[in-house]
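1. Here is a sequence with its predicted model. Questions after.
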Amino acid sequence: MSEFEIIADDNNLCGEGPIWNARTGELTWNDLSRSLVFRYNPATGEKRTISDRVMAAGIALHDSGGYVFAGSEGVCIWRGPDDLTPIATHHENEKLFFNDILADPRGRVYGGCCYWGADGMEKLGKLYLIDTDGSMRIVDDGIELANGLGLSPDNRTLYFTDSAARRIYAYDVDADTGSLSNKRSEEHTSEL
């Protein structure tokens, strides 16, 4: 049996979005409910809060050494507490509220938007693709609660979770354009 070690005990309200940086050997994650982003270095044991001003529901690494944060204010590049550059806050006059993102090997970012309020879903969300030049397009829509993205090891299949619909979708990925096709899914009904 594997042994587990607690590396942080911060009482996160909604701790998620872990991302490993192989260049620095550090783990980064967020507590989106408190607008906190943490970084942990297992070699030194150091854990610190790197951001407390941005609601980051999704995190990706950026070539500059910073991060791409996505959340209630859209998508931005974060290079430090006082260095935040918005990339996309609106698309076709619609305010963007992202919940999870994923960068592909070419630097494009897939991101799922959702629109939940105090009374539940306000409107259906969309799955976007943001290209390296900052342009963006809708690659799927009709999403209830965008919540989780992943690529297959060969980067030819994108997986995307709609938690409210209890579905994980799979798409074929065009490596050159990032476009998606052949959407498929199976309903998940088992209890955790």
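-> In hand now; what should we look at?
2. Would you map the helices across the protein?
-> Along the chain, no segments are classed as helices by DSSP state H.
3. Output the below-cut-off pLDDT ranges for it.
-> Along the chain, the parts satisfying pLDDT under 70 run over 1, 186-192.
4. give me that answer again for 80
-> Residue ranges of the chain with pLDDT under 80: 1-2, 10, 12-13, 32, 116-118, 120-121, 186-192.
5. what's the burial count for residue 91?
-> Close neighbours of residue 91, defined as other CB atoms under 10 Å, add up to 16. Quick note: C-beta positions are derived from backbone N, CA and C, even for glycine.
6. With residue 36 instead?
-> By other CB under 10 Å, the residues close to residue 36 number 21.
7. my guess is it meets residue 49, correct?
-> Yes. Assessed by CB atoms under 8 Å, residue 36 is found in contact with residue 49 at 5.7 Å.
8. Can you tell me who residue 116 pairs with across the strands?
-> residue 121 (DSSP bridges).
9. Now for it, how many residues are close by?
-> 15.
10. same thing with residue 83?
-> Residue 83 has 10 neighbours, counted by other CB under 10 Å.
11. need the contact list for it.
-> Residue 83 makes contacts with residue 66, as judged by CB atoms under 8 Å, 6 or more residues apart in numbering.
12. Tell me the spacing between it and residue 62.
-> Distance, residue 83 to residue 62, using CB to CB, to the nearest Å: 11 Å.
13. What of residue 53?
-> Distance, residue 53 to residue 62, using CB to CB: 17 Å.
14. what about those two, which has more around it?
-> Legend: neighbour count by other CB under 10 Å for residue 53 and residue 62, higher for residue 62 (17 against 12).
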